[in-house]
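Engineer: quick one: sequence plus predicted model below, questions after.
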Amino acid sequence: MTLERLNGIKAKHYDLVMVRKLVAEEGAKLAENTAYRKQVLVCGGTGCTSSGSKKVIAALEESLKENGIEDVLVVRTGCFGLCSLGPIMIVYPEGSFYSQVTPAEVPEIVSTHLVPGGHPVNKYLYAETVHTDGSSIPLSETPFYKKQMRIALRNCGVIDPENIEEAIACDAYQALAKVLTTMKPQDVIDELLAAGLRGRGGAGFPTGRKWAFAMAQDNDTKYVCCNADEGDPGAFMDRSVLEGDPHALIEAMAIAGYTIGSKQGYVYVRAEYPIAVERLRIAIDQAKEYGLLGKDILGTGFEFDIDIRLGAGAFVCGEETALMTSIEGHRGEPRPRPPFPAIKGLFGKPTILNNVETYANIAPIILNGSKWYSSIGTDKSKGTKVFALGGKINNVGLVEVPMGTTIREIVEEIGGGVPNGKKFKAAQTGGPSGGCISAEYMDVPIDYDNLIEIGSMMGSGGMIILDEDTCMVDISKFYLEFTVDESCGKCTPCRIGTKKLLDYLTRITEGKGTVEDLDKIKELSNHMKSSSLCALGQTAANPILSTMNAFYDEYLAHIKEKKCPAHVCSALLVFEIDPDKCKGCTLCMHNCPVGAIRGSVKKPHVIDPAKCIHCGLCMENCHFSAISKK
Amino acid sequence: MYTFNIGETPEQLAQFKEVIEKYKEVPGCLMPVLQETQGIFGYLPLEVQKAIAEELGISLSEVYGVATFYSQFRLKPTGKYRISVCLGTACYVKGADKVLKRIEERLGIQNGECTEDRLFSLDSCRCVGACGLAPVMMINDEVYGKLDPDKVDKILDEYMKGGEENDA
């Protein structure tokens, strides 16, 4: 591979791919230069695949064939972001956005829209993209996309991730070429430092400094590692990059290899992500075939290769030293630091480890310059952040916003608010290491430092929205159950501390807690913070501390009044039958496993609170909504 | 070569041998060896772990230590249909616990167990990343989303009827 050939491939596919990036009018001009009248992009990310996009593609191909249409290109892409409306399909050049497409709808879309002279089928389009008069609104103007800025996700949902030539047409490997031919390793580091890029995996350490430490080590063997062990429940940012634009990662790891002086990279990826693993494997093979990995890359004599290692379902392996221990083939237990990985990492050699999203930011910084990058974001947090938005929110999906965007903008504008008219209660960020951000902080600009100040943390980017039906004690208990499960057991403060914290919380949710327990939780949390070996134990108490801080009354209600205000903690619920609504059908009585309900046919029934075990079966089975919990 | 007395076929033994040969010299190969071996036999019986230890020149305790550390490795056989209920945060706040409870009731087994006829085994997992469809479960490689207890019943009915190809 030479630079000329790389540019040749880019030129060959440029028009084809650019049609998908431009607004309708200009896209139409470009479309004239390609062999295809129209292009149909169907999301093949995990979300849309799970909701049936494979069948949509099959139906599409079949229907096109039946109609004798050959000048429409069908492309399976990565994630578009709006996962809750999947399967998603976009038709270019006009940019018509079809949501929740079923195979049954496809023939009508083909015969009405994809035939020559056709027009979009409005009733199947995403409602936000259609004016009341039937004219269409560009996707970039819809509330979900308007405030987004896509840097890390620049090619997700744009290219076919299994076709390296489409990636090249979108500038893949141009940054590597620039680095190898015009920059010294120190130049790369200077550029990253000036850009202000901080690690997207959680703690936010400056990426340039990390690389500089490893570069300074005098050693023939060094390693470049990528953490794709995205274990936070509810976080799927890294997976989407791997599924939608794997070359962004490969290119950035090669740049890292050149910078620190390494020939070998490892990607440690969750085995729970089969689609991502498969696409990454294909991308690495294609990069090797095109001479963009391997020996003498772009004729510069630089050599770099990447291997994939699969995780096996251990959350602690997201911690950097545990991850390296796992790649070495051992139990994924963390090691004390120092020595830091940059000095003594994988197989005892100097190693850098970044997560997928961090790497996905490298090429744009190299190509567009640090000045451009540092103009985005806040004072101390530059660039954008990808969030996986989930939980009680209308637009569940993947969003990328400039640092400094507020929770309110994400929840109310991009996320489309909380469903069913419920009230926003809190946003959970940072997973089991993070905390809950309550409504009073909704207008705080999101960046690394602000989130820590308000008791949470950036984490890798999971953002779960909680509404009034969520009990904050119960959600803390949920996270502690998780950390108890996932604590590796190597150090005592984490192994025993997490278990003790869970015991306290369980007691509180059962109405057996005391106010003194809350003080003990705080004390134990501080010990765990200062004495646990790795971040898993050091941060395990964060979900409790942050909710105790913002929702102290809710803890007190469980302890003093023996009530769960959100009606979640079953031991504290009281079930009652409304005599006016009860028809005396006896269904509840028959379903009660402990015989706590009495009554005769066609007469109101009564629950004996002394016998009731709060299982809720009576309420589930009542056809007349006569049973309520309090 | 080896015999394990677990009802293995000669093909499985040949595949196992290939895996060992492929990785024998690779540094840090224990994890991929265990993963691919589990892919062949469906789980990692003790006899197989002994063979891996011998072939790779490491102690059985190290193999067993790794096999029991990671939740993905199974030391017992699984059902024909492996049900895995996602208990990630997004699914949890949308009622994954009720989904799990209904499956336990229907199959008469607890999380982590296998039915007597080896048709179903039940597990929970932490986030398959299909949060847009929460709550979700997987049966083998098929993802089922936007579940509630009633939907669970229908899906299980299909599988009980032997509807392997169903796609609810």
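Structural biologist: Looks like it came in fine. Numbers count the residues shown, from 1 in each chain, chains lettered A, B, ... in the order given.
Engineer: what separates stretch A:7-14 from the chain centre, distance-wise?
Structural biologist: In this view, stretch A:7-14 has its centroid 32 Å away from the chain centroid, taken as Cα atoms, centre = their mean, to the nearest Å.
Engineer: what do you get for stretch A:403-413?
Structural biologist: Its chain's average C-alpha position is 16 Å from that of stretch A:403-413, according to Cα atoms, centre = their mean.
Engineer: equivalent analysis for stretch A:468-488, please.
Structural biologist: Distance of stretch A:468-488 from the chain centroid (Cα atoms, centre = their mean) equals 19 Å.
Engineer: show me what contacts the most centrally placed residue in chain A?
Structural biologist: The structure's chain A has its C-alpha centroid closest to A:Phe236; by Cα atoms, centre = their mean the separation is 2.7 Å. For A:Phe236, the contacting residues are A:46-47, A:230, A:388, A:398, B:127, B:129, B:131, by Cβ atoms under 8 Å, 6 or more residues apart in numbering or on different chains. The C-beta positions use only the backbone N, C-alpha and C, and glycine is treated the same way.
Engineer: what do you get if the cut-off is 7 Å, keeping everything else the same?
Structural biologist: Contacts for A:Phe236 (Cβ atoms under 7 Å, 6 or more residues apart in numbering or on different chains) come out as A:230, A:388, A:398, B:129, B:131.
Engineer: same deal with B:Cys114?
Structural biologist: Per Cβ under 7 Å, 6+ apart, neighbours of B:Cys114: B:78-79, B:121.
Engineer: looking at those, spot the one nearest chain A.
Structural biologist: Nearest to chain A out of the contacts of B:Cys114 is B:Thr78 (Cβ to the nearest Cβ; 14.4 Å).
Engineer: now that closest one, nearest residue through space, not along the chain?
Structural biologist: Nearest non-adjacent residue to B:Thr78, counting by Cβ to Cβ, 6 or more residues apart in numbering or on different chains: B:Ser121, 4.3 Å away.
Engineer: quick one: that neighbour is in a strand?
Structural biologist: Yes: counting by DSSP: H, G, I helix; E, B strand; the rest coil, B:Ser121 is found in a strand.
Engineer: may I have the predicted confidence score for the residue nearest to the centre of chain A?
Structural biologist: Looking at A:Phe236, its pLDDT reads 91.
Engineer: any idea how far B:Lys76 is from it?
Structural biologist: 30 Å (Cβ to Cβ, to the nearest Å).
Engineer: ok, now A:Glu128?
Structural biologist: A:Glu128 sits at a distance of 49 Å from B:Lys76 (criterion: Cβ to Cβ).
Engineer: those two - which one has more neighbours?
Structural biologist: A:Glu128 (18 against 12; other Cβ atoms under 10 Å in any protein chain shown).
Engineer: that one in helix, strand or coil?
Structural biologist: Under three-state DSSP, A:Glu128 falls in the helix class.
Engineer: and the spatially closest residue to it that is not a sequence neighbour, its phi and psi?
Structural biologist: Among residues not flanking A:Glu128 along the chain, A:Thr142 sits closest, at 4.4 Å (Cβ to Cβ, 6+ apart). When read as degrees, to the nearest 10, the backbone of A:Thr142 gives phi -80, psi 150.
Engineer: A:Thr142 contacts A:Val130, correct?
Structural biologist: No: taking contacts as Cβ atoms under 7 Å, A:Thr142 lies outside contact range of A:Val130: 10.2 Å.
Engineer: how far out from the middle of the chain is the lengthiest helix in chain B?
Structural biologist: Ordering each helix of chain B by length in residues (DSSP state H) puts helix B:10-23 first. Computed by Cα atoms, centre = their mean, the separation of helix B:10-23 from the middle of its chain amounts to 20 Å.
Engineer: and stretch A:604-620, by the same measure?
Structural biologist: 40 Å.
Engineer: that stretch and chain B in contact?
Structural biologist: No: against chain B, stretch A:604-620 shows no contacts by Cβ under 7 Å from any Cβ of the partner chain, the least distance being 7.9 Å.
Engineer: for the stretch 51-200 of chain A, just list every one of the helices.
Structural biologist: Remark: helices assigned in the stretch 51-200 of chain A by DSSP state H, counting those that start in this stretch are A:53-66, A:106-109, A:143-146, A:164-169, A:174-182, A:185-195.
Engineer: and chain B, by the same measure?
Structural biologist: Under DSSP H, chain B gives helices at B:10-23, B:30-41, B:46-56, B:60-69, B:89-93, B:96-107, B:149-160.
Engineer: what about whatever residue of the stretch 351-500 of chain A ends up closest to chain B, which SS state?
Structural biologist: Taking Cβ to the nearest Cβ, chain B has its nearest neighbour within the stretch 351-500 of chain A at A:Gly390, 3.6 Å off. Three-state call for A:Gly390 (three-state DSSP): strand.
Engineer: that one contacts A:Gly234, correct?
Structural biologist: Yes: counting by Cβ under 7 Å, A:Gly390 does reach A:Gly234; the two are 4.9 Å apart.
Engineer: more neighbours: which of the two?
Structural biologist: Legend: neighbour count by other Cβ under 10 Å for A:Gly390 and A:Gly234, higher for A:Gly390 (32 against 28).
Engineer: mind listing the residues bridging to the more buried one?
Structural biologist: On the basis of DSSP bridges, A:Gly390 is bridged to A:Ile464.
Engineer: let me know the outermost residue of chain B.
Structural biologist: B:Glu25 (27.8 Å).
Engineer: what distance do you get for that residue to B:Glu55?
Structural biologist: Distance of B:Glu25 to B:Glu55, computed by Cβ to Cβ: 12 Å.
Engineer: TSV for the helices of chain B, including distance to chain A, mean pLDDT and mean neighbour count?
Structural biologist: Converted to TSV, the helices of chain B look like this (distance: least, Cβ to the nearest Cβ, whole Å; pLDDT from 0 to 100; neighbours: other Cβ atoms under 10 Å in any protein chain shown):
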stretch	distance to chain A	mean pLDDT	mean neighbour count
helix B:10-23	10	95	15
helix B:30-41	4	95	20
helix B:46-56	9	96	18
helix B:60-69	4	96	18
helix B:89-93	4	87	29
helix B:96-107	9	94	18
helix B:149-160	8	93	16
